[in-house]
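> Based on what follows, work out the 3D shape:
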Amino acid sequence: MKIFAVILFFPLFASAAPRMDSAVGSETAQLVTILPDHEDPNLYYVFPQSSEVLRKSDGRQDFTYIETRKYRPWGIRVESAELAIGMRLSYETDALKQKIAEIRSSNKSAKFTAVTGFNTSVEGHQYVNQYFLDSDCPKIAGPLEVPVYCNIRIKPEMSFGFRQLIIGTQARVLSYIYHFYGFSNGSMNEYAFSVPLKVGSLDHSPYFFDQFGHPLEEEI
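Numbers count the residues shown, from 1 in each chain. This is a model prediction of the structure:
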């Protein structure tokens, strides 16, 4: 059964928000699967479990890295570098299905909806942030299962090192951060959770280009 078959998407009142002091499924914030509403005992919020890069019509990942370069007889100067990624948060896990089934078994009136976010971003894991200038992702005001397209600017002087890193470590390099409102200690507060961004192999198709569309594969 697809997880979306048991998650109902419906309009929520402005005061609707998960109760952050009562995690169903995990005591670790980054591994939360479901949280109850702070007022409605039958309403539960489902949290994303992973994120992955979208696929284009030709099957390649929606992942494009472009360097703006100046080619000179004595060498190449990178003036700017940008990574564009299309991604989607995923709710499809066996653990989440099991938790939904457990809640439904004890509460026949249980309703489930995807947590509503208001901002997203892509960040690097610890040492990776040193390569980033900034990231630009759209502001989401709704369920987080919609596709998101982000641009990440890389420090030009560190562009070669970043390309080496993203090819060698992939899924361990990037995280998808989403912000939402939750209720705790009698008030509404802002929270941010992160999920690892799954990037497939970057070895077999050109994903790295200069501003003229020439692949950079020979230098990787």
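
> in the protein, which spans are helices?
Remark: helices assigned in the chain by DSSP state H are 94-106, 159-169.

> any idea of the mean pLDDT for the last one?
Okay, so that is helix 159-169. Computed over helix 159-169, the mean pLDDT rounds to 82.

> How about the first one?
Along helix 94-106, the predicted local confidence has a mean pLDDT of 87.

> about what we covered before: can you redo the helices of the chain as TSV with mean neighbour count and distance to Ala84?
Bear in mind the C-beta positions are built from the backbone N, C-alpha and C, glycine included. Shown next, in TSV, are the helices of the chain (neighbours: other C-beta atoms under 10 Å; distance: least, C-beta to C-beta, whole Å):
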stretch	mean neighbour count	distance to Ala84
helix 94-106	14	29
helix 159-169	17	13
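
> ok, longest strand in this structure?
strand 75-90 (DSSP state E).

> per-residue confidence for the closest residue to Gly161 other than its chain neighbours?
Spatially, and ignoring its direct neighbours in sequence, Gly161 is nearest to Tyr131 (6.8 Å; C-beta to C-beta, 6 or more residues apart in numbering). You'll see Tyr131 listed with a pLDDT of 89.

> Now for the protein, the helix or strand with the poorest mean pLDDT.
Lowest mean confidence among the helices and strands of the chain (mean pLDDT, DSSP states H and E): strand 142-143, at a mean of 59.

> show me the contacts for Asp62.
By C-beta atoms under 8 Å, 6 or more residues apart in numbering, the residues touching Asp62 are 53-56, 84-87, 149.

> now do 6 Å
53-54, 56, 86 (C-beta atoms under 6 Å, 6 or more residues apart in numbering).

> Tell me the buried residues within the residues you listed.
53, 86 (16 or more other C-beta atoms under 10 Å).

> ok, which pair from the contacts of Asp62 is furthest apart?
Farthest-apart pair in these is Val53 and Lys56; separation 10.0 Å (C-beta to C-beta).

> Grab the nearest non-local neighbour of the residue nearest the centre of the chain.
For the chain, the residue sitting closest to the mean C-alpha position, by C-alpha atoms, centre = their mean, is Tyr176 at 2.8 Å. In space, and not counting its chain neighbours, Tyr176 is closest to Ser51: 4.0 Å by C-beta to C-beta, 6+ apart.

> how near is that neighbour to Ile152?
14 Å (C-beta to C-beta, to the nearest Å).

> Give me the below-cutoff pLDDT ranges for the protein.
The chain contains residues with pLDDT under 70 at 1-15, 22-32, 126, 139-145, 169-172, 204-205, 217-220.

> Okay, strands next: where are they in it?
34-36, 43-46, 50-53, 63-72, 75-90, 111-114, 116-124, 132-136, 142-143, 148-154, 174-184, 187-198, 208-210.

> Just give me how far the fifth one sits from the chain centre.
The chain centre lies 16 Å from the centre of strand 75-90; the measure is C-alpha atoms, centre = their mean, to the nearest Å.

> Please point out which parts of it sit buried.
So for strand 75-90, counting by 16+ other C-beta under 10 Å, buried means 78, 81-83, 85-90.

> Touching that strand from outside, list them.
48, 50-51, 53-54, 62-70, 144, 147-154, 156, 159.
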